[in-house]
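Enquirer: Whatever this is, show me its structure:
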Amino acid sequence: MKFSSLIPVVLIAAVVTQGCVSNKKYNDLQSSYDQLKEKTKDLNQKYQSGQQELSGTTSRVKSLEEQIASEKANSASLQAALDKCLSSTSQGNVNISKLVDEINASNKYIQHLVNTKNKSDSLNLVLTNNLTRSLSREEMRDVDVKVLKGVVYISLSDNMLYKSGSYEISDKAGETLSKIAKIIKDYQGYDVLIEGNTDNVPISQTNIRNNWDLSALRASSVVQSLQNNYGVEPKRLTAGGRGEYNPIAGNDTPDGKARNRRTQIIITPKLDQFMELIGKAPEQAKEPVKE
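Expert: Got it, this is the predicted structure:
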């Protein structure tokens, strides 16, 4: 999915139609524009980096599953070769002992890969259980927690999270964010991507050109709150906006629009240490069996 440029434009057409603008007011607007321009440029770079990390994690999980399937197939081939050797007297040149060792090594490697994947899945399950247990019944109405392809998604409604028509964090969101921040801090081996999403209703506010800008600014507000108010390490955080282009429901009903107006906190496990296992299969398991 392409990420459009997040360059906010200060709309001053209304001021122009009313006549000349004072130098002070013009300079203030120009300064606000320059600051938002730099801010969205930085957000765009961080978002792209976060998207690459998320894509890489998903690819690594898929690679791990493919490696497991490949090793299982190799083990079955070795077992078939062994059975053939044991049932045929014409293949006395086959080293049965070596073949047994290859099978055992392959099975051990398969089990190691399976255990590694199960460990990652278990950590995600514990994380989501700890978070949902910490949230009240009222909070759960505005929070949705899911695990998809090894990644934890925490979806927060905009009604709870932001002040009306704004990207400023509301007072009532503080307790919920503090609980999410605690989970993030407890699991240091995870990175966090904050994604803002909107419905398709156009936004018309000073210094906010469109829903791209609004979604990115809202994500940035959550990142800064996690960092400044709850002590989450900033290098683990990435903010980005997806505007109205990542809907989970139709925008033709009020309920659908409400579901689309959300901010997602995406918690991604660092699987680098697990992925080092790929390509480290036992050497005897990689060699063809001599019959």
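Enquirer: Surely residue 152 forms part of a strand?
Expert: Yes. Looking at residue 152 with DSSP: H, G, I helix; E, B strand; the rest coil, it is inside a strand.
Enquirer: So it versus residue 42, what's the distance?
Expert: Distance of residue 152 to residue 42, computed by CB to CB, to the nearest Å: 26 Å. In this view, the C-beta of every residue, glycine as well, is placed from N, C-alpha and C.
Enquirer: where do the strands sit along the stretch 51-200 of the chain?
Expert: Ranges of strands in the stretch 51-200 of the chain, per DSSP state E, counting those that start in this stretch, are 143-148, 151-157, 190-197.
Enquirer: Can you tell me the strand partners of the shortest one and which way each runs?
Expert: Spelled out, it's strand 143-148. Strand 143-148 pairs in its sheet with strand 151-157 (antiparallel), by DSSP bridges.
Enquirer: quick one: average confidence on the partner strand?
Expert: Averaging pLDDT along strand 151-157 yields 92.
Enquirer: Low-confidence bits of the chain, can you list those?
Expert: For the chain, the stretches with pLDDT under 70 are 1-21, 86-95, 112-121, 270-291.
Enquirer: need the longest helix for it.
Expert: Counting by DSSP state H, the longest helix found in the chain is helix 23-87.
Enquirer: Return the set of buried residues in the helix or strand where residue 255 lies.
Expert: For residue 255, the host element (DSSP states H and E) is helix 254-260. Neighbour-count burial for helix 254-260, counted by 16 or more other CB atoms under 10 Å, picks out 256-257, 259-260.
Enquirer: cool, and stretch 42-51?
Expert: By 16+ other CB under 10 Å, the buried positions in stretch 42-51 come out as 43-44, 46-47, 50-51.
Enquirer: quick one: it to chain centroid distance?
Expert: For stretch 42-51, the separation from the chain centroid amounts to 12 Å (computed by CA atoms, centre = their mean, to the nearest Å).
Enquirer: How about stretch 229-244?
Expert: 11 Å.
Enquirer: before we move on, what about stretch 64-76?
Expert: With CA atoms, centre = their mean, you get 27 Å for stretch 64-76.
Enquirer: So for that stretch, what gets flagged as buried?
Expert: Under the neighbour-count criterion of 16+ other CB under 10 Å, stretch 64-76 has 64, 67-68, 71, 74-75 buried.
Enquirer: Let me have those in a markdown table, adding distance to residue 98 as columns.
Expert: Converted to a markdown table, the buried residues of stretch 64-76 look like this (distance: CB to CB, whole Å):
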| residue | distance to residue 98 |
| --- | --- |
| 64 | 28 |
| 67 | 23 |
| 68 | 24 |
| 71 | 18 |
| 74 | 15 |
| 75 | 15 |
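Enquirer: And those residues, which is closest to residue 240?
Expert: residue 64 (26.2 Å; CB to CB).
Enquirer: Mind listing the residues bridging to residue 169?
Expert: Here residue 169 sits in beta bridges with residue 162, going by DSSP bridges.
Enquirer: Count the neighbours of it for me.
Expert: Using other CB atoms under 10 Å, the number of residues around residue 169 comes to 18.
Enquirer: and what of residue 158?
Expert: 26.
Enquirer: I'd like the numbering to begin with 40 instead of 1 from here.
Expert: Got it, the first residue is 40 from now on, which makes the last one we talked about residue 197.
Enquirer: residues in contact with it?
Expert: Residue 197 is in contact with 257, 300-302, counting by CB atoms under 8 Å, 6 or more residues apart in numbering.
Enquirer: Please produce a markdown table containing these, extended by secondary structure.
Expert: A markdown table is the format used below for the contacts of residue 197 (three-state DSSP):
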| residue | secondary structure |
| --- | --- |
| 257 | helix |
| 300 | coil |
| 301 | strand |
| 302 | strand |
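Enquirer: which among these gets closest to residue 234?
Expert: The closest of the contacts of residue 197, once distances to residue 234 are taken by CB to CB, is residue 302, at 6.9 Å.
Enquirer: That closest one: how many residues sit nearby?
Expert: Residue 302 has 26 neighbouring residues, counting by other CB under 10 Å.
Enquirer: so it bridges to which residues?
Expert: Bridge pairing for residue 302 - DSSP bridges - gives residue 195, residue 235.
Enquirer: now it: how far from residue 68?
Expert: With CB to CB as the criterion, residue 302 and residue 68 are 28 Å apart.
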